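Participant: Task: produce atomic coordinates for the following.
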Amino acid sequence: MNRDEEHLQLLAIFHYVVAGLAALFSFFPLLYTTVGTIFIFAARHGTAKPGEDLPPEFLGWIFAVLGSQFFLIGIAMAICILIAGRSLALRKRYSFVLVMACIECLIIPFGTILGVFTIVVLSRESVRGLFSTTATPAPG
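Facilitator: Sure thing, here's the model as predicted:
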């Protein structure tokens with residue numbers, strides 16, 4: 001196995017690991033969703049103690065909606081990183097992997113490290129050649 005293939009295989013493995021971490025951390029916003037749901041329930045069915053107000057229902061909706069959206073964005077990002085890792089292993093979708101490497105740089109610290117190394121490896125002309133040789137010709 002030459003150096004470029006070894007680097008691509010290692011990057012694919014590291015993408016799988018970062019995808020797993022991203023999926024794990026994407027569950028944390030569900031805590032906000034839970035808090036929002038509790039606020040909504042308390043506003044609708046709770047009774048206030050003397051001298052205290054119940055939390056407004058719209059605050060619960062803000063927490064619930066934002067928590068759910070951040071969860072879905074996190075899971076989508078984890079899936080995209082997983083697809084990028086699989087694409088590296090199969091030497092397919094060069095542009096997608098390069099764009100994902102740039103986006104991964106926003107995920108501090110592991111995504112930044114992985115994104116920079118992926119960009120460095122993908123910028124080599126020999127690696128670009130590995131991706132173009134695996135393209136299947138169109139039937140016809």
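Participant: ok, for residue 37, nearest residue in space, not its chain neighbours?
Facilitator: residue 64 (5.6 Å; C-beta to C-beta, 6 or more residues apart in numbering). C-beta coordinates here come from the backbone N, C-alpha and C atoms, glycine included.
Participant: tell me the contacts of that neighbour?
Facilitator: Neighbouring residues of residue 64 by C-beta atoms under 8 Å, 6 or more residues apart in numbering: 32, 33, 36, 37, 40.
Participant: Take these and write them to a markdown table, including pLDDT and secondary structure.
Facilitator: Formatted as a markdown table, the contacts of residue 64 follow (pLDDT from 0 to 100; DSSP: H, G, I helix; E, B strand; the rest coil):
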| residue | pLDDT | secondary structure |
| --- | --- | --- |
| 32 | 95 | helix |
| 33 | 96 | helix |
| 36 | 94 | helix |
| 37 | 93 | helix |
| 40 | 91 | helix |
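Participant: Most neighbours among these, please name it.
Facilitator: Most neighbours among the contacts of residue 64, by other C-beta atoms under 10 Å: residue 36, with 22 neighbours.
Participant: Quick check, that one in contact with residue 57.
Facilitator: No. With contact defined as C-beta atoms under 8 Å, residue 36 does not reach residue 57; the gap is 9.9 Å.
Participant: Which strands or helices does the strand or helix carrying residue 120 pack on?
Facilitator: For residue 120, the element it lies in under DSSP states H and E is helix 110-122. For helix 110-122, the elements it packs on are helix 3-25, helix 94-104, judged by 3 or more C-beta pairs under 8 Å, 6 or more residues apart in numbering; DSSP states H and E.
Participant: Compile those into TSV and extend it with columns for distance to residue 131 and mean neighbour count.
Facilitator: Output for the helices and strands packed on helix 110-122, formatted as TSV (distance: least, C-beta to C-beta, whole Å; neighbours: other C-beta atoms under 10 Å):
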stretch	distance to residue 131	mean neighbour count
helix 3-25	9	16
helix 94-104	4	18
